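Engineer: Got a predicted structure plus its sequence, pasted below:
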Amino acid sequence: MDLHQLFILRELGERGSVAAVARALFVSSSAVSQQLSALQRSTGVALTERRGRSLVLTPAGTALATAAAGVSTAMAAAEQSVAHFHEEPAAPVSLSAFHSAGLAWFGPLISRLSGPAGPPLRCGDEDVARQDFPALVADYDLVIAHRLPHDPLWPERVTVTPLLYEPLDVALHVGHPLAGRSSVSVADIANEPWIAGHPGFPLAEAVNVVAASAGHPLRIEHRINEFFVAASVVASGSAIALLPRYTMAPAPGAGLVLLPIDDLRVGRQIDVLSRPETLLRASVRRVLGQLGAVAGSRTE
């Protein structure tokens, strides 16, 4: 049954005439009559009858109008519950991130939200191909995703909150001849052995940007998605790679250095994806705000 039609039936029972219902709802009398007729067809029972010049409820109509009042009460309670849920600042929030973002931001974010104001945070790591990030909004409230600037935009069905642009620097072994410089050029690195990600993953395409600028394919020695594994290979001195500047800054003694490319802009856009309705929740908005603060603090 149509809830609006039930509402009109209830109004007829309480206001006593089609004209009174029409005035209350700011519609025509014929529109009210059409809705009542449609409801009667759907129930298969006579709900109204003529009594003189007035249209009144039959016993079946009266019973359904009484039930409609109960439906309206239940709907009002449901709407109130939803509104309370939306404004509840301590409602749990689920968050996913690819590995380097999770490594850099999960810990500080959890610490920021650990007080009584919360909200509780449920984290998950999801390092997937670029085109698979939007589907994760079905399982998480917020999804940290990344893409290259020239990649297709995220689909319109998800809400996109830009987080930051992160440059990708060249990672070199500390003993590499170029390691002592403040930056490198494409020509400096075009003929080096490289580590690249697997095809379909965002940073695999970043190496292709370098190749396009060099004017020839790079010599890819290894296909490694996990930055920690790639960094360990770089530290062995056997190859170079592109690594994120903020989320993968090497620790002292790691055996490698990161240098910017001075004649080519290479980086990734990091965004937060969600379903549109998810951002109506106060707890989600709080997590998103704190996430922005954590991410911003790591770029300073």
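Structural biologist: In hand now; what should we look at? Residues are numbered from 1 along each chain as shown.
Engineer: how does the protein divide up, domain by domain?
Structural biologist: The chain breaks down by automatic domain parsing into domains covering 3-87, 93-297.
Engineer: need these in TSV with mean pLDDT, can you?
Structural biologist: Putting the domains of the chain into TSV (pLDDT from 0 to 100) gives the following:
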stretch	mean pLDDT
domain 3-87	85
domain 93-297	93
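Engineer: right, and residue 113 touches residue 287 too?
Structural biologist: Yes: with contact defined as CB atoms under 8 Å, residue 113 reaches residue 287; the gap is 6.8 Å. Every residue, glycine included, has its C-beta placed from N, CA and C.
Engineer: hang on, residue 216 in a strand?
Structural biologist: No: read with DSSP: H, G, I helix; E, B strand; the rest coil, residue 216 is coil and lies in no strand.
Engineer: and it, what does it touch?
Structural biologist: By CB atoms under 8 Å, 6 or more residues apart in numbering, the contact set of residue 216 is residue 190.
Engineer: for it, phi and psi?
Structural biologist: phi -160, psi 160 (degrees, to the nearest 10).
Engineer: and residue 50, how many neighbours?
Structural biologist: 8 (other CB atoms under 10 Å).
Engineer: Now it: which helix or strand?
Structural biologist: Using DSSP states H and E, residue 50 falls within strand 48-51.
Engineer: do the same with residue 95
Structural biologist: Counting by DSSP H and E, residue 95 is found in strand 93-97.
Engineer: Same question for residue 9.
Structural biologist: Residue 9 belongs to helix 3-15, assigned by DSSP H and E.
Engineer: re earlier: hey, C-alpha coordinates of the strand holding residue 95 in CSV?
Structural biologist: Output in CSV follows, covering the C-alpha atoms of strand 93-97 (Å, rounded to 0.1, in the frame of the first residue of the first chain):
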residue,chain,number,x,y,z
VAL,A,93,32.6,4.6,11.7
SER,A,94,34.4,2.1,9.4
LEU,A,95,37.3,3.3,7.3
SER,A,96,39.4,1.5,4.7
ALA,A,97,42.7,2.6,3.2
